[in-house]
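J.: Okay, sequence plus prediction incoming.
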Amino acid sequence: MTHGAPPEAVPAPPFATGSHWPPSNDEPIRGELLGPGLLETRARQIAADSAVVDQGTGPGLLERFERNSHDLFATHRRITECYARRESLTGEAEWLFDNFHIVRDALREIRTDLPHGYYHNLPKLAGGPLRGWPRVYRLALELVAHTDSTLDEHNLTLFVRSYQTVTALSIGELWAVPIMLRLVLIENLSRMARRLVKENDLHARARRWVARAEISPSDPFSHFHEILSTRSPDNGLALAVLQTAREQWGASSPRLDALEAFLREQRVPVDELLREDRQRQAANQMTVGNCVTSLRLLSALDWNVFFRADQPRRGTAALRPFRHVRMPGLRHARPDPADHRVARPRQRPRRDGSLPPGPRTG
């Protein structure tokens, strides 16, 4: 695959997991975190909503995947360049940098396991906000959203089994469960990646502003004042400039004190922006780490779709990921843990000098 010109833009999939959805193309896929009991309830709810399907072609999910793949490779190149220049990396950037081999493997698995003919034959939702999308894609989307991308054998089995107490999935859909989970995790990572690129661009602008301020001591804030005087003040740039100035000038610099005073005079909520940025970085690092860990889990599992006739329960089928059992049609050779273990990011300091926490593991 070449990674030159980006594929044609494809709209993001719509979502229906909360009051703030659909998110923009760059917002992470996060819904309300649900425990086992509420996950069961949610699975039954979406199963009831997803009973009616058709075989339409649906929206461009495969094209969307190619776009996401392009964006992930482009972001990885950007992060690699930043690392070569010894620029500080955020926690989520470190996760992508240190574990991109896992992302690359997941992209290859999706491309191999989901040919166009197979995708075309998957039942598509006939109504609702996800009309035209594969029914099993919504199952994967809901599970990822309501676990903050933290997958394990228990919540996966619980969710699919609960779903099927209401609406049985076809054999092809059950085979597609791990593929769709990878697709959703890749979608989530690509959203984070696009945000990383935008933030990197902002910090590049901020570094240029700080450099100009250093050579214009008489009026160092005139350029920034022009930005803040626009109809829609760019608080993102204000935050980036403040963080860059702290890095380059030091906490006790008179210029930094003057900059912070200037921003407060312009009613830029400095303290609030810094607090929100720390919270956002912690949440984003957790999500990216969870996505990487879950992709690793999906590759490590030996999948076996096991159907069990259960007449008292409407003849539903159960999905059980078993180890040491192969299923025709999917690759199940267990990778050597030494080859694809998840790499904990190196403890490189963030822009504020702190060391970020690791991802959620439970």
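T.: Nice, I can see it. Numbering: from 1, shown residues only.
J.: The stretch 51-200 of the chain: strands as residue ranges?
T.: Taking DSSP state E, counting those that start in this stretch, the strands of the stretch 51-200 of the chain run over residues 53-54, 124-125.
J.: Residues contacting the last one, please?
T.: I take that to be strand 124-125. Residues outside strand 124-125 that contact it (CB atoms under 8 Å, 6 or more residues apart in numbering) are 50, 52-58, 131-135, 138. Any C-beta I mention is one placed from the backbone N, CA and C, and that applies to glycine too.
J.: would you turn these into JSON lines with pLDDT, distance to residue 179 and neighbour count?
T.: Conversion of these to JSON lines gives the following (pLDDT from 0 to 100; distance: CB to CB, whole Å; neighbours: other CB atoms under 10 Å):
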{"residue": "50", "pLDDT": "88", "distance to residue 179": "17", "neighbour count": "23"}
{"residue": "52", "pLDDT": "88", "distance to residue 179": "23", "neighbour count": "12"}
{"residue": "53", "pLDDT": "87", "distance to residue 179": "17", "neighbour count": "17"}
{"residue": "54", "pLDDT": "84", "distance to residue 179": "20", "neighbour count": "12"}
{"residue": "55", "pLDDT": "77", "distance to residue 179": "18", "neighbour count": "11"}
{"residue": "56", "pLDDT": "70", "distance to residue 179": "19", "neighbour count": "13"}
{"residue": "57", "pLDDT": "66", "distance to residue 179": "18", "neighbour count": "9"}
{"residue": "58", "pLDDT": "65", "distance to residue 179": "15", "neighbour count": "20"}
{"residue": "131", "pLDDT": "85", "distance to residue 179": "21", "neighbour count": "14"}
{"residue": "132", "pLDDT": "88", "distance to residue 179": "18", "neighbour count": "18"}
{"residue": "133", "pLDDT": "90", "distance to residue 179": "14", "neighbour count": "20"}
{"residue": "134", "pLDDT": "93", "distance to residue 179": "10", "neighbour count": "26"}
{"residue": "135", "pLDDT": "94", "distance to residue 179": "13", "neighbour count": "26"}
{"residue": "138", "pLDDT": "94", "distance to residue 179": "14", "neighbour count": "25"}
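J.: list the contacts for residue 152?
T.: residue 297.
J.: switch to numbering from 795
T.: Fine by me, first position is 795 from now on; the one you just mentioned is residue 946.
J.: Can you give the distance from the strand or helix carrying residue 1066 to the centre of its chain?
T.: Residue 1066 is located in helix 1064-1094, with elements delineated by DSSP states H and E. Taking CA atoms, centre = their mean, to the nearest Å, one finds helix 1064-1094 lying 9 Å from the centre of the chain it belongs to.
J.: again, but for stretch 823-836
T.: So, by CA atoms, centre = their mean, the centroid of stretch 823-836 is 18 Å from its chain's centroid.
J.: do the same with stretch 990-1010
T.: The chain centroid and the centroid of stretch 990-1010 are separated by 26 Å, computed with CA atoms, centre = their mean.
J.: same check, this time on stretch 827-839
T.: With CA atoms, centre = their mean, you get 21 Å for stretch 827-839.
J.: cool, and stretch 1041-1057?
T.: Offset of stretch 1041-1057 from its chain centre (CA atoms, centre = their mean): 34 Å.
J.: ok, how many other residues are close to residue 856?
T.: Residues within reach of residue 856, counting by other CB atoms under 10 Å, total 18.
J.: Pretty sure it sits against residue 912.
T.: No: if you go by CB atoms under 8 Å, residue 856 and residue 912 don't touch, sitting 10.4 Å apart.
J.: do you know how far residue 1070 is from residue 1029?
T.: Applying CB to CB, to the nearest Å, the value for residue 1070 to residue 1029 is 10 Å.
J.: confidence score at residue 1003?
T.: If you check residue 1003, the pLDDT there is 83.
J.: what does residue 959 give?
T.: Residue 959 is assigned 94 on the pLDDT scale.
J.: what about it, distance to residue 838?
T.: Per CB to CB, residue 959 is found 6 Å from residue 838.
J.: now swap in residue 879 and tell me
T.: Counting by CB to CB - residue 879 and residue 838 are separated by 51 Å.
J.: Neighbour count for those two, which is higher?
T.: residue 838 (17 against 7).
J.: and residue 1070 and residue 1029? which has more neighbours close in?
T.: Taking neighbours as other CB under 10 Å, residue 1070 and residue 1029 compare with residue 1029 leading, 16 against 13.
J.: Quick one: residues contacting that one.
T.: Contacts of residue 1029 by CB under 8 Å, 6+ apart are 1062, 1063, 1067.
J.: before we move on, what about residue 1047?
T.: residue 1039.
J.: so residue 847 sits right up against residue 915, yeah?
T.: No: if you go by CB under 8 Å, residue 847 and residue 915 don't touch, sitting 11.6 Å apart.
J.: how long is stretch 877-896 from one end to the other?
T.: This stretch, stretch 877-896, spans 19 Å end to end (CA to CA, to the nearest Å).
J.: List the buried residues for it?
T.: 877, 881-894, 896 (16 or more other CB atoms under 10 Å).
J.: in the stretch 945-1094 of the chain, what spans have low per-residue confidence?
T.: The model of the stretch 945-1094 of the chain has pLDDT under 70 over residues 1011-1028.
J.: Closest one to residue 865 out of the contacts of residue 1029, please.
T.: Residue 865 lies nearest to residue 1067 out of the contacts of residue 1029, by CB to CB, at 26.3 Å.
J.: and the closest residue to that closest one other than its chain neighbours, how many neighbours?
T.: Using CB to CB, 6 or more residues apart in numbering and skipping residues adjacent in sequence, the residue nearest residue 1067 is residue 1033, 4.7 Å away. Residue 1033 has 22 neighbouring residues, counting by other CB under 10 Å.
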